[in-house]
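Engineer: Predicted model and sequence below, questions to follow.
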Amino acid sequence: MDWLYVLMPISGVTIFWPGLIILGVGVGIIGGFFGMGGAWMVTPGLNILGFPMAFAIGTDIAHMAGKSLISTMRHGKFGNVDYKLGLIMLVGTIVGFEAGAQMVMWLERIGNVEAVVRWLYLVLLTLIAWMVFADVAKKKKKDREAIASGKEVDALSTGIEWHKTLHKIKIPPMIHFEAAQITCTAWLPILISFLTGWVAGILGIGGGLIRMPALIYLIGCPTHVAVGTDLFEVMISGLYGAFTYTMKGRTELVAAVIMLVGAAVGAQVGTVATKYIKGYGIRIAFGLAVIGCGLSVLLKLLAKMYPAYAALCNNSATVLVLGLVFCMSAYIFVKMVQGAKAEVAAKNK
């Protein structure tokens, strides 16, 4: 069975290459569906396959750039990418990310940076999960009230509508975003992208996990446009990250290319699935993914607090992340097949 293993020329480790393809397919599906780079899934996955952590991060970023490019092109064909909004937010994201990175340097100088970052991560994920499910509960309440009063349920109704309050700010210049179908002051996406970039810089992630809900709840993007526009930003930041990690000799390009074979297929599935799973279906699945991610971070914290159980907690965190990738991928794939079948049946009537 030696043919199932390949020697990585830069890191010098031998890797089970079908595992790279399987991981690529799963993360491609989830990334194309949620609009995230998926670093929180890929890095531990590569680490468990045998990569040293520095190579796992560098290879993840190189793979993320290629996968996001494929997903963005596909979403662009569906009209899901607001390029003007993405470019404006890119400015705030870059400045905010650098501010966050500088803050990490400061935390490192005063010590204990790892614990601070992990706790911040946990608080942030808890807030995002609360926001998503509070939104779902509020929309269901609105729907029940509409049914009780004999009215039709508005398919476009939403639960949390913070963006409507923020759209009342009329500081020039005002800009209309065609794909997102919103008009607001240009300072709103710039400020929000700065804050999300700042948090991403502190946490050391691509930012899709934070930016996607910010696009929905604070800027007011429809869910499918938030997914496509976020991927556009992930693509650009990923290309820069791939370049800088490659220059530092921490990218295993052979592994990134093998993963891209799987991710190219998975990204197509995840992107097409957004046609068949409605906005709130995406939000609920996203909320569940956030909860799973939060639990894995909590297990990592417990491993630090209780060294006697470190191996158990670390292994449980890895199994949780990989199990989440498998379950989410399977759910999205099944829903896409069901939606495609229903569409074909409707056309044949």
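Structural biologist: Looks like it arrived, so ask away. Numbering: from 1, shown residues only.
Engineer: Are there helices or strands packed against the helix or strand containing residue 66, and which ones?
Structural biologist: Assigned by DSSP states H and E, residue 66 belongs to helix 53-77. Applying 3 or more C-beta pairs under 8 Å, 6 or more residues apart in numbering; DSSP states H and E, we find helix 53-77 packed against helix 17-34, helix 39-49, helix 223-247, helix 253-276. C-betas here are computed from N, CA, C, even on glycine.
Engineer: So which elements touch whichever helix or strand comes after the last one?
Structural biologist: Per DSSP H and E, helix 253-276 leads on to helix 279-305 as the next helix or strand towards the C-terminus. With contacts taken as 3+ C-beta pairs under 8 Å, 6+ apart, helix 279-305 sits against helix 17-34, helix 39-49, helix 113-148, helix 208-214, helix 223-247, helix 310-348.
Engineer: before we move on, the earlier item: what residues sit buried inside the helix holding residue 66?
Structural biologist: In terms of neighbour count (16 or more other C-beta atoms under 10 Å), helix 53-77 has its buried residues at 55-72, 74-76.
Engineer: tell me how far it is from the chain's mean position?
Structural biologist: From the chain centre to the centre of helix 53-77 is a distance of 11 Å (C-alpha atoms, centre = their mean, to the nearest Å).
Engineer: pLDDT on it, on average?
Structural biologist: Across helix 53-77, pLDDT averages out at 77.
Engineer: the inter-axis angle of it versus helix 17-34?
Structural biologist: Inter-element angle recorded for helix 53-77 and helix 17-34: 50 degrees (by axes from the mean of the first three to the mean of the last three C-alpha atoms, to 10 degrees).
Engineer: Heading C-terminal from helix 53-77, find the next helix or strand.
Structural biologist: helix 83-110.
Engineer: what's that next one packed up against?
Structural biologist: Judged by 3+ C-beta pairs under 8 Å, 6+ apart, helix 83-110 is in contact with helix 113-148, strand 174-177, helix 187-203, helix 223-247.
Engineer: Put together TSV for these, with mean neighbour count and distance to residue 104 on each row.
Structural biologist: As requested, those are arranged in TSV below (neighbours: other C-beta atoms under 10 Å; distance: least, C-beta to C-beta, whole Å):
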stretch	mean neighbour count	distance to residue 104
helix 113-148	16	6
strand 174-177	15	32
helix 187-203	22	6
helix 223-247	23	16
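Engineer: Tabulate the ones you listed (a markdown table), appending distance to residue 26 and mean pLDDT.
Structural biologist: Below are the helices and strands packed on helix 83-110 laid out as a markdown table (distance: least, C-beta to C-beta, whole Å; pLDDT from 0 to 100):
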| stretch | distance to residue 26 | mean pLDDT |
| --- | --- | --- |
| helix 113-148 | 20 | 79 |
| strand 174-177 | 32 | 92 |
| helix 187-203 | 22 | 84 |
| helix 223-247 | 17 | 80 |
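Engineer: So which of the ones you listed is nearest residue 268?
Structural biologist: Closest to residue 268 of the helices and strands packed on helix 83-110 is helix 223-247 (C-beta to C-beta; 13.1 Å).
Engineer: Can you check the pLDDT for residue 155?
Structural biologist: Predicted confidence (pLDDT) for residue 155: 64.
Engineer: Near residue 104, how many other residues are there?
Structural biologist: 16 (other C-beta atoms under 10 Å).
Engineer: pretty sure residue 6 contacts residue 19?
Structural biologist: No. Residue 6 sits out of contact with residue 19 when judged by C-beta atoms under 8 Å, with a separation of 10.7 Å.
Engineer: quick one, which of the two is more surrounded?
Structural biologist: The neighbour count for residue 6 versus residue 19, taken as other C-beta under 10 Å, is higher for residue 19 (19 against 16).
Engineer: Quick check: the more buried one vs residue 25, distance?
Structural biologist: Noted for residue 19: a distance of 11 Å to residue 25, by C-beta to C-beta, to the nearest Å.
Engineer: which SS state does residue 183 fall under?
Structural biologist: strand (DSSP: H, G, I helix; E, B strand; the rest coil).
Engineer: now it, which residues is it bridged with?
Structural biologist: As for beta bridges, residue 183 partners with residue 176 under DSSP bridges.
Engineer: Grab the nearest non-local neighbour of residue 220.
Structural biologist: Nearest residue to residue 220, sequence neighbours excluded (C-beta to C-beta, 6 or more residues apart in numbering): residue 163, at 3.2 Å.
Engineer: same deal with residue 56?
Structural biologist: Among residues not flanking residue 56 along the chain, residue 46 sits closest, at 3.9 Å (C-beta to C-beta, 6+ apart).
Engineer: The one you found: neighbour count?
Structural biologist: Every residue meeting other C-beta under 10 Å relative to residue 46 is counted, giving 27.
Engineer: any low-confidence regions in the stretch 201-349 of the chain?
Structural biologist: With pLDDT under 70 as the threshold, the stretch 201-349 of the chain has low-confidence stretches at 203-207, 278-279.
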